[in-house]
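Participant: have a look; sequence and predicted model below, questions after that.
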Amino acid sequence: MYRRTYLEVDCEKLKNNIINIKENYPGYEYYFGVVKANAYGHGGFIINSLIEGGINYLAVSSLEEAIKLREFNTEIPILILEPIHLEFLDKCINYNLTITVSNMEYFKELLTIELPHALKIHVKLDTGMSRLGIKSSNDLNEIINKLPNNPNLFLEGIYTHFATSGINDKHWDNQLSSFKEITKDIDLSTIPIVHMGRSLTLVNHEKIPFCNGTRLGIVMYGMSQNMPAGKGFKAFLRNLRNKHNRKKLHISPTTTTNNLDLKTAITLYSEVIDLRKIHANDFVGYGAEFVAQNNMIIATLPIGYADGIPKNIKHIVINNKKYNVVGEVCMDMICAAVDETVKLYDKATIIGGDTLPVKKVANECGISTYTLFTGITNRVPRVYVNSQETTEINY
């Protein structure tokens, strides 16, 4: 790399996360690894580590993402979660990809296309999110009844997506009921894959008996979704209120804690490219918003919001010591107030490690871990570390 700003990804941690998840939540035949958005910012190179851990199906958002992943693995099945333009079905067949059918118009148009080879489809059901999916049993029955007349269309799966955890609201229960209503005329045991769960609902609910698949998203990347009850009087009142609401709404039993032992795998690094002493009343950065109250040493690092760091990031770490970010985060650079121990070209941690864990940085910046993970842009090289070798990839 020419600029020593990069994202280090520990592939062994990701592999061990999958192993730990499967040990705690056994009983599924299919564990989907959701690797959309460049594998939540980690990069497609990780998929073989996920497979080694026990992932046996991948899920992505788009055809572009699916084709890109074939550079790293040509065998594992890949489900595209959003409908693709039917003019590109040949790509799906050539790359062994599974498509989603999410409305009747799309399905009827699909029936008019002569396919040279078999194409796997999963039917998405809209059980409440109102984004994508078949909404009625009549429509689903029509799909099921017409598929035998099309030997090159293979119904491999049926699925939906839960909007909430269903811990303190009725939405999870309602969506499950909606799924059962839409599929009431279908023998789900004849469908090879039925998948409904996502990271949050996996850990909060008992396994749905007729589901043999579950989708792992943020949990794969080290977020256990643990929600401890908390301590103190406010926590006591909150828990009492939630318990009352669950009883009042007849919410099915849930759990907010789990035994997962997961690790985040990323650490974002940069380096000090400039050190300068400034005086009291000197300002730093755009807008002259930060004004020094006394003499200071300012370190400049070649990383900015164009690399995906939040504009309100608070700290960096150099030589195991935390320093405050000062001035406005620029497109390509940030500045920090440091001390005499910092030297030119010292390595700096921006996100990750024991001092700046992903969740803590996200909370300080007022964003979700999803946003933080996926926000790291492709101009940042990924450096993959496992037990055997180190690999650098520029996406």
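Facilitator: Arrived safely, thanks for sending.
Participant: contact partners for the closest residue to residue 36 other than its chain neighbours?
Facilitator: Leaving out its chain neighbours, the residue that sits closest to residue 36 by CB to CB, 6 or more residues apart in numbering is residue 61, at 4.0 Å. In short, each C-beta sits where N, CA and C put it, glycine included. With contacts taken as CB atoms under 8 Å, 6 or more residues apart in numbering, residue 61 has the following neighbours: 36-37, 80-82.
Participant: for the residues you listed, which one is nearest residue 322?
Facilitator: Ranked by distance to residue 322 (CB to CB), the contacts of residue 61 are led by residue 37 at 29.1 Å.
Participant: that closest one: how many residues sit nearby?
Facilitator: 16 (other CB atoms under 10 Å).
Participant: checking the residue lying closest to it once chain neighbours are set aside next. Helix, strand or coil?
Facilitator: Of all residues not flanking residue 37 in the chain, residue 374 sits nearest, at 4.4 Å (CB to CB, 6+ apart). For residue 374, the assignment made with DSSP: H, G, I helix; E, B strand; the rest coil gives helix.
Participant: what distance do you get for residue 374 to residue 218?
Facilitator: 10 Å (CB to CB, to the nearest Å).
Participant: overlap in contacts of the two?
Facilitator: Listed as contacting both residue 374 and residue 218 by CB under 8 Å, 6+ apart are residue 40.
Participant: dihedrals phi and psi, the nearest residue to residue 115 once chain neighbours are set aside?
Facilitator: When the adjacent residues along the chain are set aside, residue 115 lies closest to residue 152, with 4.1 Å between them (CB to CB, 6+ apart). The phi/psi pair for residue 152 (degrees, to the nearest 10) reads phi -90, psi 0.
Participant: burial count for residue 353?
Facilitator: Residue 353, neighbours per other CB under 10 Å, totals 17.
Participant: ok, now residue 109?
Facilitator: 11.
Participant: that one: which element?
Facilitator: Residue 109 belongs to helix 104-111 when elements are defined using DSSP states H and E.
Participant: can I get that helix in PDB? Just the C-alpha atoms.
Facilitator: This file holds the C-alpha atoms of helix 104-111, laid out as PDB (Å, rounded to 0.1, in the frame of the first residue of the first chain):
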ATOM      1  CA  MET A 104     -46.700 -11.600  -8.800                       C
ATOM      2  CA  GLU A 105     -45.900  -9.300 -11.700                       C
ATOM      3  CA  TYR A 106     -42.300 -10.400 -11.500                       C
ATOM      4  CA  PHE A 107     -43.200 -14.100 -11.300                       C
ATOM      5  CA  LYS A 108     -45.600 -13.900 -14.300                       C
ATOM      6  CA  GLU A 109     -42.900 -12.200 -16.300                       C
ATOM      7  CA  LEU A 110     -40.400 -14.900 -15.200                       C
ATOM      8  CA  LEU A 111     -42.800 -17.600 -16.500                       C
END
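Participant: pLDDT below threshold where in the stretch 151-300 of the chain?
Facilitator: Low-confidence regions of the stretch 151-300 of the chain, defined by pLDDT under 70, span residues 233-238, 244.
Participant: show me the domain layout of the chain.
Facilitator: 11-249, 266-356 (automatic domain parsing).
Participant: re earlier: mean confidence score for the helix holding residue 109?
Facilitator: Mean pLDDT, helix 104-111: 96.
Participant: repeat for stretch 137-144
Facilitator: Stretch 137-144 shows a mean pLDDT of 97.
Participant: tell me which residues in that stretch are buried?
Facilitator: Buried residues in stretch 137-144, defined by neighbour count with 16 or more other CB atoms under 10 Å: 137, 139-141, 143-144.
Participant: from those residues, which is closest to residue 45?
Facilitator: Distances from residue 45 to the buried residues of stretch 137-144, taken by CB to CB, are shortest for residue 143, at 36.7 Å.
Participant: verify the contact between residue 19 and residue 50 for me.
Facilitator: No - in this structure residue 19 lies outside contact range of residue 50 using CB atoms under 8 Å: 10.5 Å.
Participant: residue 14 falls within a helix, correct?
Facilitator: Yes - counting by three-state DSSP, residue 14 falls inside a helix.
Participant: check contacts around it.
Facilitator: With CB under 8 Å, 6+ apart, residue 14 has these contacts: 42, 46, 49-50, 53, 220-221, 265.
Participant: what about the residue nearest to residue 257 when sequence neighbours are not counted, distance to residue 192?
Facilitator: Distances taken as CB to CB, 6+ apart put residue 226 closest to residue 257, at 5.6 Å, once the chain neighbours are dropped. Distance, residue 226 to residue 192, by CB to CB: 33 Å.
Participant: also residue 54?
Facilitator: If you go by CB to CB, the gap between residue 54 and residue 192 works out to 19 Å.
Participant: what do you get for residue 209?
Facilitator: From residue 209 to residue 192 the distance is 16 Å (CB to CB).
Participant: okay, these two: which has more neighbours?
Facilitator: residue 192 (16 against 8).
Participant: so that one sits against residue 157, correct?
Facilitator: Yes - Residue 192 is in contact with residue 157 according to CB under 8 Å; the separation is 6.5 Å.
Participant: coming back round to it: OK, contacts around the residue nearest to residue 115?
Facilitator: 115-119.
Participant: next: residue 66.
Facilitator: 60, 78, 80, 92, 95, 97.
Participant: what comes up buried for the helix or strand that it is a member of?
Facilitator: Using DSSP H and E, residue 66 falls within helix 63-69. Across helix 63-69, burial judged by 16+ other CB under 10 Å covers 63, 65-69.
Participant: likewise stretch 261-269?
Facilitator: 262, 264-269.
Participant: need these in TSV (columns: secondary structure).
Facilitator: Shown next, in TSV, are the buried residues of stretch 261-269 (three-state DSSP):
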residue	secondary structure
262	coil
264	coil
265	coil
266	strand
267	strand
268	strand
269	strand
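Participant: just name the closest of the residues you listed to residue 365, please.
Facilitator: Once CB to CB is applied, the member of the buried residues of stretch 261-269 that ends up nearest residue 365 is residue 268, at 13.1 Å.
Participant: so the closest one bridges to which residues?
Facilitator: Beta bridges link residue 268 to residue 7, residue 351 when assigned by DSSP bridges.
Participant: related to what we said a few turns ago, and the contacts of residue 14, which two are furthest apart?
Facilitator: Farthest pair in the contacts of residue 14, by CB to CB: 42 and 53, 13.5 Å.
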